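J.: got a sequence here, can you build the structure:
(2 chains)
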Amino acid sequence: MISIHTKKGYSLKIEGKPSRGLEKLATPTHLALLPEHLPFVTPRLKVKVNDRVKVGSPLIEDKRLTDIKFLSPGGGQVVAINFGPRRVIKEIVIRLDKEEEAIQFEAFSDQEIETIGRSELIGAIIKGGLWSLIRALPFRDYPLPDSRPPAIFLGLGNIEPFQTDPQVYLNGNIRLLEYGLQILRKLAGDRLYIGTHKDDTFVIKSLDGRITHTYWGNYPAHDPGVWVYRTKVSSAENRSWYLNGQDLLLLAHLLKTGTYPTERTVVLAGSSAEKRTHFKTRLGVPLAHVTDGRVDPQDNRDIRYCIGGVHTGYANPKESYLGFFETSVILLPEGNEKGEFLGFIRPGYRKPSYSRAFFSHVNRSDMEMNCNKHGGDRACIACYHCAQVCPVDIIVHFTFKAILAGEVEESVEHGLLDCVECGLCSYVCPSKLELFATLKKAKAEFYKEQTR
Amino acid sequence: MKLLKKFFESQRRHFVEGGKFARLYPFFESIESIFYAPEHVTRHSPNVRDSLDVKRYMTLVIIALLPHYAFGLYNVGYQSHLASGLPVTLLAVVLTGLKVVAPLVVVTYAVGFFWETLFAVIRKHEISEGLFVTCALFPLTIPPTLPLWQVALGISFGIVIGKEIFGGTGRNFLNPALTGRAFLYFAYPAQNSGDAVWTVLRGTQATTVDAFTGATPLSVAAVVEKSGDVQTALTHAGYTISKLFFGNYPGSIGGTSTLLSLVGAVFLIILGIASYRIILGCVLGLLASGFFLNLVANQSPMPFLSLNPFYHLLIGGAMFGFAYMATDPVSAAHMPGAKWVFGFAIGALTVLIRVFNPAFPEGVGLVIIFMNLFAPLLDHIEIKYRLRKRISNV
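T.: Prediction:
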């Protein structure tokens, strides 16, 4: 077993942790798919408004690879297709029928999954619309179906603040997970690696001896990109595939039952949420369905709905829906008000900071954090915090300047492609530079250039 | 407090798009953000950001400098009263110090703020707080007798040539405060060097009273003729170890106190603002080269070589430069290893200039500017070395 300790990186002292409880939510009236938040996908609509769809009917396909389709999470009628600026498809909304019809895909028994051929298996996953749950490093797009990965990493657990706990979503699903591991073994050969937190005894016990990697330390220690960076001996390993535990359960559900999986375990957390726990609900659920009645009623400030994570997630209006990949809804105060009087000179016992410049450095309790930038935009002053915090040793401010200067080769030489997209560099920057957004964009552009 | 907030809210309309003074928005913003941090929220992930901003980062340096100002007020007044034969009661001394120092500081800030605002308005960005540190450092490096027009000229040169023409704070490769100081040194040597400029004479006195010697420890040390006599000469001139350590002798306004510089250095290191690598590197470099010169002192006719290396740390503005000037994050080396080399070279070269160059009694300021020029090269070497160890990802 390989133990990976991430000493760099940084774990936020942020308030609003969810409990390990699990509540089942009633079926919502509407569901949606959000093509806008499918990374790299250039969607082509396969439905029109008022079309009837079943669970598993294709809603969009990826223009780059038309086999890759994204399927309807519910059965009913397409009631709206909402476009954003420059006609980006934001939402495809489906009103659910009382009795939802579902498309039947091919099901495989435990024996069949052992004997099935690799390409046949891949074909079944693609047909079931779930190929994109598997992601390929370093760009984190879905892999080309006919490529072979140097390794596949299954990540159980996520230490970004407020993500679903494997103990919750695996509970009672160990059989299904075993089935999923069969699938991965088919895809990866003998190079299937399973990683979990070293203190997660539940997972370690349930998977009894099959854990290959344990991680601990600071965020983003859980990220397979970090594991690859820390353990790789050749550059071939950079093309490894990875997926997380909950997505593997969806995959296993599809192949075992022959029906498109519609259930997700999502977590509601953050200091502005009153009820902070896990919920079992549908894929593409309206945010309001998860949050209604669970927002802190005393809190009359503006609230941001962070979808997918404090670091890596995006803000979405509360009228929107939960995306295909995201499993967490985090409610944080927006913080769009002026700071306190002479705030920059106060001791700051409750102002969380990576630096030692606040008294909060000796405060071990969790603190409330909002979405304020806590400062004006300045030029880089070379404080070196970004390079200190980067889990994959990128000297971020130099890489950032190389990107701004258009020096693609130099930024790649600096390890741009090793970036695990954790967002810590932007978090720590006292000049409030958008380091992470810049690096991520440069990386995506490099990828597009390469695949053109 | 409510009133102040209301005041800013009511005046804002003049400075935003369409207002009478829309172009002066950076000016308004810089004043308002001193009292209330802006309400900007994140637009890209990560959704949350650290509480530390450049304003606090820079303000902490200014806080570390405040004891120097308190000491500077006292010392300038004290030396002035001694030299003029006036009584040295605390209140009188501090008042004299205030009368001398306050105009220098006010002129520095007014002129510096003017240039920064001008460039911010033209470039349409906000005023960076690096300016306030530069303006806090500059008066501490100049002689108290400096004419105000030279103060204005010096800080103008520092801000404009040392910083703004390269793009402002964050893009300068020289320490702006030292650039201004060096400009004055070379342009107006009569008012910026020698023994006479460090003491302000008060009252009717045209020359110092007999008992007072205005010679700085560095000039005392430089003119000693017999080998091995430097420490004795210093003691004779009244420069005991404790006096050198506390810094109450004629010199630049607040930069003579090794004690306060050490306190400031520890304060900034604990808060993570100043790099301990640079400061320790400087001290090590200074001690190492001082010690090395001791070894060869016997073969040389220059007695200054035999000075105990720790004296180099005590006399002049060495520690002040190490703690506040060399650690300017922008113009120093950026990489951790390069910071050690950068610091070590500063310390070593400071001693060499002091000992071997008769034209410059103090070398630390010029050495820091000199090493600023080498910082990018040191960074480049370390980055190349580190990148070679990376496993390529293409």
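J.: three-state assignment of B:R354?
T.: Three-state call for B:R354 (DSSP: H, G, I helix; E, B strand; the rest coil): helix.
J.: how about the residues of the stretch 51-200 of chain B near chain A?
T.: Applying Cβ under 8 Å from any Cβ of the partner chain, we find that the stretch 51-200 of chain B lies next to chain A at B:51-57, B:59-60, B:125-126, B:128-130, B:167-171. Backbone N, C-alpha and C define where each C-beta goes, glycine included.
J.: the same query, at a cut-off of 7 Å, please.
T.: With Cβ under 7 Å from any Cβ of the partner chain as the criterion, the stretch 51-200 of chain B meets chain A at residues B:51-57, B:59-60, B:126, B:128, B:130, B:168-171.
J.: partners of the nearest residue to A:F70 once chain neighbours are set aside in the sheet?
T.: Distances taken as Cβ to Cβ, 6 or more residues apart in numbering or on different chains put A:I60 closest to A:F70, at 5.1 Å, once the chain neighbours are dropped. According to DSSP bridges, the residues that bridge with A:I60 are A:L45, A:F70.
J.: tell me how many other residues surround A:I60.
T.: For A:I60, the neighbour count with other Cβ atoms under 10 Å in any protein chain shown is 23.
J.: any idea how far it is from chain B?
T.: A:I60 sits 24 Å away from chain B, going by Cβ to the nearest Cβ, to the nearest Å.
J.: so that residue sits against A:K46, correct?
T.: Yes - using Cβ atoms under 7 Å, A:I60 is in contact with A:K46, at 5.8 Å.
J.: cross-reference the residues of the stretch 51-200 of chain B next to chain A with the helices and report the matches.
T.: B:54-57, B:59-60, B:130 (DSSP state H).
J.: and the helices in the stretch 201-350 of chain B?
T.: Ranges of helices within the stretch 201-350 of chain B are B:217-222, B:230-236, B:241-246, B:258-270, B:276-296, B:309-314, B:318-320, B:336-356, based on DSSP state H, counting those that start in this stretch.
J.: the last one: which residues count as buried?
T.: By neighbour count, with 16 or more other Cβ atoms under 10 Å in any protein chain shown as the criterion, the buried positions of helix B:336-356 are B:337-351, B:353-355.
J.: got it, and the second one?
T.: By neighbour count with 16+ other Cβ under 10 Å, helix B:230-236 contains the buried residues B:230-231, B:233-234.
J.: now swap in the third one and tell me
T.: Along helix B:241-246, the positions that meet the burial threshold by neighbour count (16+ other Cβ under 10 Å) are B:243-246.
J.: excluding covalently adjacent residues, which one is nearest to the closest residue to chain B within the stretch 1-150 of chain A?
T.: Distances between the stretch 1-150 of chain A and chain B by Cβ to the nearest Cβ are smallest at A:P138, namely 6.0 Å. Using Cβ to Cβ, 6+ apart and skipping residues adjacent in sequence, the residue nearest A:P138 is A:L417, 4.4 Å away.
J.: ok, the one you found touching B:R390?
T.: No - A:L417 is beyond contact range of B:R390, at 10.4 Å (criterion: Cβ under 7 Å).
J.: show me what from the stretch 201-350 of chain B comes close to chain A.
T.: Contact residues (Cβ under 7 Å from any Cβ) of the stretch 201-350 of chain B with chain A: B:270-273, B:329-330, B:334.
J.: out of these, grab the one that's most surrounded.
T.: B:H334 (25 neighbours).
J.: and the helices in chain A?
T.: Ranges of helices within chain A are A:110-115, A:118-127, A:166-170, A:174-188, A:201-206, A:224-231, A:245-257, A:287-291, A:385-389, A:396-404, A:408-413, A:424-428, A:435-451, based on DSSP H.
J.: stretch A:176-193: how far from the chain's middle?
T.: Put simply, stretch A:176-193 sits 21 Å off its chain's centre (Cα atoms, centre = their mean, to the nearest Å).
J.: what are the structural domain limits within chain A?
T.: Split into domains by automatic domain parsing, chain A comes to A:1-27+A:107-335, A:374-451.
J.: could you double-check that B:S252 lies in contact with B:G317?
T.: Yes - using Cβ under 7 Å, B:S252 and B:G317 qualify as a contacting pair, with a distance of 6.1 Å.
J.: neighbours of the nearest residue in space to B:G162 that is not next to it in sequence, how many?
T.: The shortest distance from B:G162 to any non-neighbouring residue, by Cβ to Cβ, 6+ apart, is to B:T179 (3.2 Å). By other Cβ under 10 Å, 25 other residues sit near B:T179.
J.: okay, and B:T179 sits in which element?
T.: In this structure, B:T179 sits in helix B:176-187 according to DSSP states H and E.
J.: before we move on, what about B:P143?
T.: Following DSSP H and E, one finds B:P143 outside all helices and strands.
J.: show me what contacts it?
T.: If you count contacts by Cβ atoms under 7 Å, 6 or more residues apart in numbering or on different chains, B:P143 has them with B:192, B:197-198, B:252.
J.: swap in A:E319?
T.: A:A288.
J.: and the stretch 151-300 of chain A, which residues reach chain B?
T.: Counting by Cβ under 7 Å from any Cβ, the positions of the stretch 151-300 of chain A adjacent to chain B are A:232, A:235, A:238.
J.: report pLDDT for the second one.
T.: pLDDT for A:S235: 86.
J.: let me know the pLDDT of residue 42.
T.: Just so you know, I chose chain A. According to the prediction, A:T42 has pLDDT 94.
J.: switch to chain B, that's the one I care about
T.: Predicted confidence (pLDDT) for B:T42: 93.
J.: also A:E409?
T.: In this prediction, A:E409 carries a pLDDT score of 91.
J.: what of A:A151?
T.: 94.
J.: run a quick neighbour tally on the closest residue to it other than its chain neighbours.
T.: Excluding the flanking residues, the one nearest A:A151 by Cβ to Cβ, 6+ apart is A:R191, at 4.1 Å. As a burial measure, A:R191 scores 17 neighbours (other Cβ under 10 Å).
J.: same deal with B:L295?
T.: B:L295 has 10 neighbouring residues, counting by other Cβ under 10 Å.
J.: same check on A:P58?
T.: Counted with other Cβ under 10 Å, A:P58 comes out at 15.
J.: I'd say it and A:L45 touch.
T.: No - between A:P58 and A:L45 there is no contact under Cβ under 7 Å: 9.8 Å.
J.: need the pLDDT of the residue lying closest to B:Y276 once chain neighbours are set aside.
T.: Excluding the flanking residues, the one nearest B:Y276 by Cβ to Cβ, 6+ apart is B:I269, at 4.5 Å. Note on B:I269: pLDDT of 96.
J.: before we move on, back to that, tabulate the ones in helices among the residues of the stretch 51-200 of chain B next to chain A (TSV), appending neighbour count, pLDDT and distance to B:F119.
T.: TSV is the format used below for those (neighbours: other Cβ atoms under 10 Å in any protein chain shown; pLDDT from 0 to 100; distance: Cβ to Cβ, whole Å):
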residue	neighbour count	pLDDT	distance to B:F119
B:V54	26	93	16
B:K55	23	92	18
B:R56	26	93	23
B:Y57	26	94	21
B:T59	20	93	21
B:L60	22	94	24
B:G130	26	90	12
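J.: how about whichever residue of the stretch 201-350 of chain B sits closest to chain A: what's its closest non-neighbour residue?
T.: Closest contact between the stretch 201-350 of chain B and chain A, by Cβ to the nearest Cβ, is at B:G272 (4.0 Å). Distance criterion Cβ to Cβ, 6+ apart; nearest residue to B:G272, sequence neighbours excluded, is A:R356 at 4.0 Å.
J.: ok, that neighbour touching B:I269?
T.: No - counting by Cβ under 7 Å, A:R356 does not reach B:I269; the two are 9.4 Å apart.
J.: turn the buried residues of helix B:241-246 into JSON lines, columns for distance to A:I307 and pLDDT.
T.: Formatted as JSON lines, these follow (distance: Cβ to Cβ, whole Å; pLDDT from 0 to 100):
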{"residue": "B:K243", "distance to A:I307": "65", "pLDDT": "87"}
{"residue": "B:L244", "distance to A:I307": "63", "pLDDT": "87"}
{"residue": "B:F245", "distance to A:I307": "59", "pLDDT": "90"}
{"residue": "B:F246", "distance to A:I307": "60", "pLDDT": "89"}
